[in-house]
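>>> Sequence and predicted structure, then a few things I'm wondering about:
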Amino acid sequence: MSWLTTLTIIITFYLSLITSLSCPLNQKQSLLQFKHSLITQLSLNQSSNNTQLVGLETWNKSSLDCCSWDLVKCHITKSSKQVISLDLCNLIPSLVMDITSLSSISSNVLTPLFDVTSLISLDISYNYVFGGEFPKGLGNLSKLVHLDMKMNSFSGFIPQELFVLKKLEYLDMSSNSFSGALSFSVGGLRKLKFLCLDENYFVGKIPNQIADLPELRNLSLRQNRLSGQIPVMILDLISLEVLDLSNNSISGEIPADIGVLSNLSTLVLSRNLLAGGIPASVLKLSGLTVLQLDNNRFSGKIPVSLFNLEMLNQLDLGSNRLIFDTSVRVFPKFQLSKLVLRSCSLSGEIPRWISNQTSLDFLDLSENDLKGNFPIWLAEMEIGTIILSDNKLSGSLPPTLFRSQSLSVLALSRNNFSGELPDTIGDSDLIILMLSDNSFSGPFPETLPNIYRLILLDLSKNNFSGDKFPTFSPLSFLSFIDLSSNRFSGEVPTGFSPGVIILALGDNEFSGHLPKDLTNFSQLKHLDIQNNRISGEIPQFLFELSSLQTLSLRNNSLTGSIPSNLSNLTHLQILDLSNNKLVRNIPSGLGNLPGMINPPYTSSLSSALFSFNIQFQDLIVNWKNSKQGLSKYNLDFYSLLDLSNNRLSGRIPISLGMLKSLKLLNLSHNHLIGNIPVTLGSLESMETLDLSYNSLSGEIPPTFSNLQELNNLDLSNNRLAGKIPDSPQLDTLNDPKIYTNNEGLCGIPIQVACPEDASQSSPSPPQVVYAAQESFSWMAAGIGFPAGFVVVLSSVYMTGFFSFKDVKKQSSFRKSKSWYSF
């Protein structure tokens, strides 16, 4: 027998042996049990009808060898096969676009996988729906090296079993809802090279035991609720290449000797409470490519020696108390793709050295003291994003600026630019154009519809005029339009794309009736036409806009009655019809608006998706002679109803007491009669109530004592009588002008004794110190809108200008800010 024949026999025997092997039966059964549990859970979830499990089609009993299944990898030896890798990411992609309406699936469906003890790699990321506390059994996977569970809905503490996985090198638990303090046990994972816990709810300090991970190269704890200082022990991680602690509440200073981390390429400490200066040892990080220290409390001069870091590609020092010394000439050795010096005390003209940054794609020099014209050299650079808002730049915009093939975002709001916009604007590929609060003039640019990618257009607070508006293509992406506070005239323009979500036309000179073509905007959520010259009756067709959440028509010349089919607007949360000439009764159907009855659902995705800050104009109210703004972050949670300064008559509908989410109700300056409905005392979320200047009679309902959130009340100039109710909250509203010109009222707030109290011997009422305040009246001077960006902007997510951000609740009312702010 020849050696060739012998070799052939051996190979044939070996191949037949391999093909005769299959994965262990218990492993196959575990995988099938996982699939069965997942399908069962999905079938019970009403929001997941017709969903497909991508990649599990080959998982079935008829297949002898699970190693041949998709998403499964095995280790094959002469005598056995063992499952070592499960790639179960994004199993349910059809749910991704509707994750806000999908309830989570119990994480117990994962339990069968923990019986596959030969696993080395397990990836369950991007499934979104696995939720609840992580199930027991993870400790069985003692051979596990790679564990990826990001983008799910897990909650609770990190499972303690995780820390027995001594071979673990890669751990990603980001974008879940894990909470609690970071465990000291993390120091036991001594082989760990990659640790990412971003976008959870971890609290407390970073444990010193993190320094017990000698091989750690990537440490990312971004967007949690961590506090305390950066532990000095972190400097022992000499292999560290990436350190991201951004979006927390970490305080103190950057460790002075951070330069010992000689392998560090990325240092991101943005959005914390860090103070002090930039340590000199940072200059020892010769391999540093990303340095982001923005939105902290750093102070002092920006070290000029930073410009000697040759490998630096991204530099963000914005929104601190740092000072860029413009008197010192700099000669950068780096080539940046991103430069942010927002609020760094830059003065004079835009620094010329930027012209040598030929790779620059993102430039933010906003909130400085820059002056002069828009430089020609900057207009000719191929930069994707230019943000120069809040400076003192002037002059007209160079036509060459809009011939750029790269420019996607241009934000020049709150400067002193003037003149007409050049015709070349239509040659650009802009996605976002923000020119608010300048002195631009002339007509609406005729070439704007040529910008097919344009999504957001803000020309507000300028001197634009004219009554001619071009027609946009039905395929246009334009979704967010603010033309308010100009001198536009003529009929209300409706030639925009059907996908418009926000249309702000307030504070102009538009006239005539509301056009029927408004109904073409089937996705319209926010319509503001306040402070114009609109006349005629409120048209019935307006209530075909079923997506409408905000409707402001205040300060026009509208006549007739409020249409009864207003209740068709099931999503309406803010309605302002004040300062018109509306007559007759308030329709009882107003009490059936679901958007004002149930607290509106707002997911974290309703925030802006941009990788830079966009702030929306606050809802401005004239609150006791001072303008205040309703926070953009809380606007989604507010329901407001203002029908003041009209000619409405009849009684206040009892049904208004059903609007449980209502925060502000203003019916003042009308001709309303009858008693105040007792049901208004059920509006427990009410913060502001104004019924002044009517002809209301009877008693103030005792149920008003239930209004525990009420902090502004005006019942003056009516015909009310009887005792003023008292409660801990009402007693804080001690301004007698709240009740003035109601001759029949009595009670402590106005220091008039009630007849029923006259016969009782009681000590003199305590002295009340009254604030000299004017009678309350509410007017929305402008309307702001929440960020409903998700549906439209997802279509251009791949442009790289968008990133998900967590929305943090802020105080309800604050000083007014512009709708968008760069």
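Nice, thanks for sending it over. Numbering: from 1, shown residues only.

>>> dump the residue contacts of D731.
By Cβ atoms under 8 Å, 6 or more residues apart in numbering, the contact list for D731 reads I748, P749. Backbone N, C-alpha and C define where each C-beta goes, glycine included.

>>> Where does the prediction get shaky in the stretch 101-250 of the chain?
101-103 (pLDDT under 70).

>>> mind listing the strands for it?
Under the criterion DSSP state E, counting those that start in this stretch, the stretch 101-250 of the chain carries strands at the ranges 105-106, 121-123, 130-133, 146-148, 153-156, 170-172, 177-181, 194-196, 201-204, 218-220, 225-226, 242-244.

>>> Let's have those in a markdown table, adding mean neighbour count.
As requested, those are exported to a markdown table (neighbours: other Cβ atoms under 10 Å):
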| stretch | mean neighbour count |
| --- | --- |
| strand 105-106 | 20 |
| strand 121-123 | 20 |
| strand 130-133 | 18 |
| strand 146-148 | 20 |
| strand 153-156 | 18 |
| strand 170-172 | 20 |
| strand 177-181 | 16 |
| strand 194-196 | 20 |
| strand 201-204 | 16 |
| strand 218-220 | 20 |
| strand 225-226 | 18 |
| strand 242-244 | 20 |
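
>>> These into TSV, with extra columns for distance to L707?
Converted to TSV, the strands of the stretch 101-250 of the chain look like this (distance: least, Cβ to Cβ, whole Å):
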stretch	distance to L707
strand 105-106	41
strand 121-123	53
strand 130-133	37
strand 146-148	50
strand 153-156	35
strand 170-172	48
strand 177-181	34
strand 194-196	47
strand 201-204	33
strand 218-220	47
strand 225-226	33
strand 242-244	46
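
>>> In three-state terms, label S535 for me.
Here S535 is recorded as strand under DSSP: H, G, I helix; E, B strand; the rest coil.

>>> Run through the residues that contact it.
S511, G512, H513, N556, S557, L558, T559.

>>> what pairs with it across the strands?
Counting by DSSP bridges, S535 is bridged to S557.

>>> Out of the strands of the stretch 101-250 of the chain, which is closest to N734?
Among the strands of the stretch 101-250 of the chain, strand 225-226 comes nearest to N734, with 38.4 Å by Cβ to Cβ.

>>> Need the contact partners of that closest one.
Outside strand 225-226, the residues that touch it by Cβ under 8 Å, 6+ apart are L182, Y201, F202, V203, G204, K205, I206, L245, N248, S249, I250.

>>> Direction included, what does that strand pair up with?
Strand pairing for strand 225-226, using DSSP bridges, gives strand 201-204 (parallel).

>>> ok, how many other residues are close to L665?
When neighbours are defined as other Cβ atoms under 10 Å, L665 has 25 of them.

>>> which residues pair with it across the strands?
The residues that L665 bridges to, once DSSP bridges is applied, are L641, L689.

>>> For I586, see how far away it is.
11 Å (Cβ to Cβ, to the nearest Å).

>>> Find the residues that touch each one of these two.
Common neighbours of L665 and I586 (Cβ under 8 Å, 6+ apart) are L656.

>>> Let me know the pLDDT of S626.
Here the pLDDT value assigned to S626 is 38.

>>> Next: the one 10 residues further on.
Here, the pLDDT recorded for D636 equals 62.

>>> coming back round to it: and of the strands of the stretch 101-250 of the chain, who's closest to S522?
strand 153-156 (31.6 Å).

>>> name the helices or strands packed onto that closest one?
Judged by 3 or more Cβ pairs under 8 Å, 6 or more residues apart in numbering; DSSP states H and E, the packing partners of strand 153-156 are strand 130-133, strand 177-181.

>>> Could you export those to CSV, including columns for distance to L410?
Shown next, in CSV, are the helices and strands packed on strand 153-156 (distance: least, Cβ to Cβ, whole Å):
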stretch, distance to L410
strand 130-133, 41
strand 177-181, 37
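
>>> ok, and for stretch 466-474, which residues are buried?
Using 16 or more other Cβ atoms under 10 Å as the burial criterion, the residues of stretch 466-474 that qualify are F469, P470, F472.
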